[in-house]
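In: generate coordinates for the sequence data below:
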Amino acid sequence: MTDKSPIILWFRRDLRLADHPALTAAAKTGRPVIPLFILDEVVETHGAAPKFRLGLSVGSLATSLHRHNSRLILRRGRALDVLRKVIAQTGAGAVYWSRLYDPAAKDRDTGVKAALKDDGIEARSFNGHLLFEPWTVETKTGGFYKVYTPMWKSVRDRDVDASLPEPALTLPDTWPASDNLDDWQMGAAMNRGADVLARHVCVGEGAARDRLDQFIARRVADYKTLRDFPAAEATSRLSENLTYGEIAPRALWHAGWRAVQDGKAGAEHFLKEVVWREFAYHLVHHTPRIMDRNWRDDWDAFPWNETENADVRAWKMGRTGIPFVDAAMREMYVTGTMHNRARMIVGSYLTKHLMTHWRIGQAWFDDCLIDWNPAANAMGWQWVAGSGPDAAPYFRIFNPETQLDKFDADRAYARAWIAEGHGDPTATALSYFDAIPRSWNLAPDTPYPAPVVALDTGRKRALDAYQNRDGG
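Out: Take a look at the predicted model:
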């Protein structure tokens, strides 16, 4: 190896050029940089909507690199095998990447780093996905945080490095062969829903930056007061872009604090939500069991249904007969996203009123969300189910009817997504029927269903089960 050997920049969930510590470090060496994306053993497990959206982000990054006379090399296969092949073909002496924190990614990366070092290849990982590395945030007694608010208070005043400019890259003399992105068919599992969902995505580094700028300029001041109203254009919607690393979290952090200094009232609450994402990764790093087991062991005795029964199918289809729940599920099916307040409602309804295990909801969101990330999805489902980290001293059951009255009093959100029963349904409500599988055999004139379970009946059943679990 010489100091002129190429560096492979292994892109994963960091699909941007600016504010990219690993890419900046590689560029600073003056050595040729070979950008590489691998459709590897972890990516292959992604659900339909996340994989479709990831493919769009990969394509956007490839276009950005092309404008700089660079290329994004695409390969499919086991990560270590692909890296070794590209190293052999290019003479690369190093591989750089941005760290990830969920168990599957950590297992893959740990194995890759050890094997490459054994091969005599420099293997370096960098932070680019989080504000604060999970092991750098500790309680006063040296442990990890199990409750969000104390963690927020501990990091609120921390210094965060300034954002990095886009680096100039040294190009290799020759390029290795690349797969064709279209051949990967990353949206295949979406079937006809891909065309519908594509109308709602916001793809790429430039679009993400514009989205942040527009939010700070127009909506962050009212964020705290309006964020719970799903029909309002009040949230940043940046979770989609953060998921694929099209924007760095510290861009949000610095923009948010500038808004605080400018006197915009909702800005600090926005920053709290950025740290909520950090909290999810913090917990996944320290307690990886949160991904697939009850974070609180005492919930193992709760008598959840764990089968795909008729009630679960109605929930997935947005046909429970509860307008807030159904509108939210249809929003997700059409756009790949769901308003945060609505996520709490549908999660509570599934796990409490339908007495169904949170893992079923987690798996459906894994498949349907374009802003899916494994940490936030796992923590969110356990939080709403009651089995996760939550300081609330009571059994939380959201009432979808009173929540609709409170947060969608004029029914604008429900009408936006539910066509049945309306003589002039909205375009978004009708698009649901274009996105769903034909096998569901649904049409706008299909009668809207009666509730699959009465809300008072479901609530009582859940409370009785909770009390019996506690021996009450």
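In: so in this protein, which strand runs the longest?
Out: For the chain, the strand with the greatest residue count under DSSP state E is strand 33-39.
In: partner strands of that one, with direction?
Out: The strands beside strand 33-39 in its sheet (DSSP bridges) come out as strand 7-11 (parallel), strand 73-76 (parallel).
In: any stretches of this protein with poor pLDDT?
Out: 1-2, 391-394, 470-472 (pLDDT under 70).
In: need the three-state assignment for Ala375.
Out: Three-state assignment for Ala375 (DSSP: H, G, I helix; E, B strand; the rest coil): helix.
In: follow-up on the earlier one: okay, the strands paired with strand 33-39, which one's buried deepest?
Out: Scoring those by mean neighbour count under mean count of other C-beta atoms under 10 Å gives strand 7-11 as the most buried, with a mean of 26. Where you see a C-beta, it was placed from the backbone N, CA and C, and this is true even at glycine.
In: please list the outside residues in contact with it.
Out: With contact meaning C-beta atoms under 8 Å, 6 or more residues apart in numbering, strand 7-11 is reached by 22-23, 26, 29, 31-38, 58, 61, 72, 79, 83, 86-87, 90, 92-97.
In: got it, and stretch 69-88?
Out: So stretch 69-88 is contacted by 8, 10-11, 33-42, 58, 61-62, 65, 92, 95, 108, 111-112, 115-116, 119, 121, 169, 171, 175-181, 184 (C-beta under 8 Å, 6+ apart).
In: can you check stretch 187-204 too?
Out: So stretch 187-204 is contacted by 47-49, 51-53, 55-57, 59-61, 63-64, 208, 211, 237, 240-241, 246, 333-337, 370, 431, 434-438 (C-beta under 8 Å, 6+ apart).
In: cool, and stretch 115-129?
Out: Applying C-beta under 8 Å, 6+ apart, the external contacts of stretch 115-129 come out as 1, 13-14, 19-22, 25, 80, 83-84, 87, 92-101, 109, 112-113, 133, 245, 248-249, 281.
In: just to revisit the earlier point, out of the contacts of stretch 187-204, name the ones that lie in helices.
Out: Counting by DSSP state H, the contacts of stretch 187-204 place 48-49, 51-53, 55-57, 59-61, 63-64, 208, 211, 240-241, 333-335, 431, 434-435 in helices.
In: now, of those residues, which are buried?
Out: Neighbour-count burial within the ones in helices among the contacts of stretch 187-204 applies to 48-49, 51-53, 55-57, 59-61, 64, 208, 211, 240-241, 333-335, 431, 435; the criterion is 16 or more other C-beta atoms under 10 Å.
In: how would you label Gly143: helix, strand or coil?
Out: coil.
In: burial check on Arg124, number of neighbours?
Out: Neighbour count of Arg124, defined by other C-beta atoms under 10 Å: 14.
In: again with the one 4 residues further on
Out: Around Gly128 sit 24 other residues, with neighbours defined as other C-beta under 10 Å.
In: now do the SS call for it.
Out: coil.
In: which residues touch the closest residue to Met291 other than its chain neighbours?
Out: Leaving aside its chain neighbours, Met291 sits nearest to Ala378 (4.9 Å; criterion: C-beta to C-beta, 6 or more residues apart in numbering). Contacts for Ala378 were tallied using C-beta under 8 Å, 6+ apart; they are Ala280, Val284, Ile290, Met291, Asp292, Gln362.
In: quick one: the strands paired with strand 33-39 as JSON lines, columns for distance to Lys224 too.
Out: Putting the strands paired with strand 33-39 into JSON lines (distance: least, C-beta to C-beta, whole Å) gives the following:
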{"stretch": "strand 7-11", "distance to Lys224": "35"}
{"stretch": "strand 73-76", "distance to Lys224": "42"}
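In: and Asp183, what element?
Out: Here Asp183 sits within helix 181-184, counting by DSSP states H and E.
In: and the helix or strand harbouring Ser154, what does it pack against?
Out: Ser154 belongs to helix 148-155 when assigned by DSSP H and E. Packing partners of helix 148-155 (3 or more C-beta pairs under 8 Å, 6 or more residues apart in numbering; DSSP states H and E): helix 267-286.
In: buried stuff in the helix it packs on?
Out: Buried residues in helix 267-286 (16+ other C-beta under 10 Å): 267-268, 270-286.
In: still on that earlier bit, now, the most widely separated pair of the contacts of Ala378?
Out: Greatest spacing in the contacts of Ala378, by C-beta to C-beta: Ala280 and Asp292 (14.8 Å).
In: how is Ala123 assigned, secondary-structure-wise?
Out: strand.
In: what do you get for Trp372?
Out: With three-state DSSP as the basis, Trp372 sits in coil.
In: list the contacts of it.
Out: Counting by C-beta under 8 Å, 6+ apart, the residues that Trp372 touches are His46, Gly47, Ala49, Pro50, Thr243, Phe365, Asp366.
In: switch the cut-off to 6 Å
Out: Pro50 (C-beta atoms under 6 Å, 6 or more residues apart in numbering).
In: tally up the residues packed near Pro21, please.
Out: Neighbours of Pro21 using other C-beta under 10 Å come to 18.
In: what does Phe365 give?
Out: Neighbours of Phe365 (other C-beta under 10 Å): 24.
In: identify all contacting residues around the helix or strand harbouring it.
Out: Using DSSP H and E, Phe365 falls within helix 358-368. The contact list for helix 358-368 (C-beta under 6 Å, 6+ apart) reads Gly47, Ala48, Ala49, Lys316, Met332, Gly347, Leu350, Thr351, Asn377, Trp381, Ala385.
In: filter the contacts of strand 7-11 down to the buried ones.
Out: Counted by 16+ other C-beta under 10 Å, the contacts of strand 7-11 give 22-23, 26, 31-38, 58, 61, 72, 79, 83, 86-87, 90, 92-97 as buried.
In: restricted to helices, list the contacts of stretch 115-129.
Out: Pro21, Ala22, Ala25, Leu80, Leu83, Arg84, Ile87, Asp109, Val112, Lys113, Pro249, Tyr281.
In: how near is Ile290 to Ser387?
Out: Distance of Ile290 to Ser387, given as C-beta to C-beta, to the nearest Å: 9 Å.
In: actually Leu15, not the one I typed
Out: 33 Å.
In: next one: Trp175
Out: Trp175 is 50 Å from Ser387, by C-beta to C-beta.
In: these two: which is more packed in?
Out: Neighbour totals were compared for Trp175 and Ser387, and Ser387 leads with 23 against 14 (other C-beta under 10 Å).
In: with adjacent residues omitted, what lies nearest to that one?
Out: Trp299 (3.8 Å).
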